[in-house]
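Trainee: Here is a sequence with its predicted model. Questions after.
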Amino acid sequence: MPSPSPRSLPIPVSAFSPPPLRAPSMNGALPPIVQEGNAAVRRRRICVLGSRQVGKSALVVQYVEHHFLSKYYPTIESTFHASLAHRSQPYTLEIVDTAGQDEYSVLASRYAIGVHGFVLVYSVASRPSFEMIRGLHDKIMQYYGVRGEVPCVIVGQKQDLVEKQLATRQITPQEGQALAKSIHAAWIETSASSNLNIDKVFDLLLEEVERQYSPTPDRPQPGRCWIM
Ligand SMILES: Nc1nc2c(ncn2[C@@H]2O[C@H](COP(=O)(O)OP(=O)(O)OP(=O)(O)O)[C@@H](O)[C@H]2O)c(=O)[nH]1
């Protein structure tokens, strides 16, 4: 894995002090948003979770560094920083790319507590990776409490494989959308290889994060699925 680099602005790592940790027993509440330094910039911590080899690292590297990781190197853990404007609001993101999980993996508390939003990745060509998503969401909810809604985007990766008929589609868009609806998440299909919808993953997630943290009557309910 190449060393992470900022997307546009150089951001000191120290700028990303996490939101205060919240004990798992404090059900129902999301971590507080902490504004530090330049109050105009909102800092958000994002965790990318999913089975092995679904393309988590490729997705994050395409977003942050604008190139495709064509070789597979198993991830241990990598943190990337990105700057962007969303709805004219500047953000800095700390994106944690995790090692692929399986059904027996224990979700480390650092991947849940103090995280503002989650990208849950499956491959559209792998049903087992899709079936992992609900379990991962359950594990997140063990930290956040069953009453809460946690900002999540479900991502069906490797769309190019089915588009180019290099693999059989195992998950339809309708299945992806239905799962997302059932866990109050957004949903989108992407390809890191052809750079399809990669930026939209993070736009959708910021919509979810801001909707959770600051719901207001004038804020439109986000479109939760991206129509392809
Ligand atoms: N065709 C295609 N291949 C992809 C895509 N994204 C990733 N890959 C390939 O799939 C393999 C795994 O990609 P990674 O990004 O390393 O997967 P990961 O989920 O981070 O894997 P772990 O480190 O095991 O968690 C690599 O060979 C990538 O080149 C994609 O959008 N399309």
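Mentor: That came through fine.

Trainee: What are the boundaries of the helices in the protein?
Mentor: Along the chain, the segments classed as helices by DSSP state H run 56-65, 127-144, 159-163, 173-182, 198-213.

Trainee: Counting by contacts, list what the first one packs against.
Mentor: To tie it back to what came earlier, the one meant is helix 56-65. Contact here means 3 or more C-beta pairs under 8 Å, 6 or more residues apart in numbering; DSSP states H and E; on that basis helix 56-65 packs against strand 42-50, strand 77-86, strand 89-98, strand 117-123, strand 152-157, helix 198-213. The way it works is simple: take the backbone N, C-alpha and C, and place the C-beta from them, glycine included.

Trainee: list the helices and strands the shortest one packs on?
Mentor: Here strand 152-157 is seen to pack against helix 56-65, strand 117-123, helix 127-144, helix 173-182, strand 186-189, helix 198-213 when contacts are counted using 3+ C-beta pairs under 8 Å, 6+ apart.

Trainee: and this protein, which residues reach the ligand?
Mentor: Counting by C-beta under 6 Å from any ligand atom, the residues of the chain close to the ligand are 50, 52-58, 69-72, 74-75, 99-100, 157-158, 160-161, 191-193.

Trainee: ranking the helices and strands packed on helix 56-65 by burial, who's on top?
Mentor: Comparing the helices and strands packed on helix 56-65 on average neighbours per residue, with mean count of other C-beta atoms under 10 Å, the densest one is strand 152-157 at a mean of 30.

Trainee: how about it as PDB, C-alpha atoms only?
Mentor: The C-alpha atoms that make up strand 152-157 are tabulated as PDB, following Å, rounded to 0.1, in the frame of the first residue of the first chain:
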ATOM      1  CA  CYS A 152     -23.700   4.500   6.500                       C
ATOM      2  CA  VAL A 153     -23.300   4.100   2.800                       C
ATOM      3  CA  ILE A 154     -23.500   0.600   1.300                       C
ATOM      4  CA  VAL A 155     -21.200   0.300  -1.700                       C
ATOM      5  CA  GLY A 156     -21.500  -2.300  -4.400                       C
ATOM      6  CA  GLN A 157     -18.000  -2.300  -5.800                       C
END
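
Trainee: That strand relative to helix 56-65, how many degrees between them?
Mentor: An angle of 100 degrees separates the directions of strand 152-157 and helix 56-65 when computed by axes from the mean of the first three to the mean of the last three C-alpha atoms, to 10 degrees.
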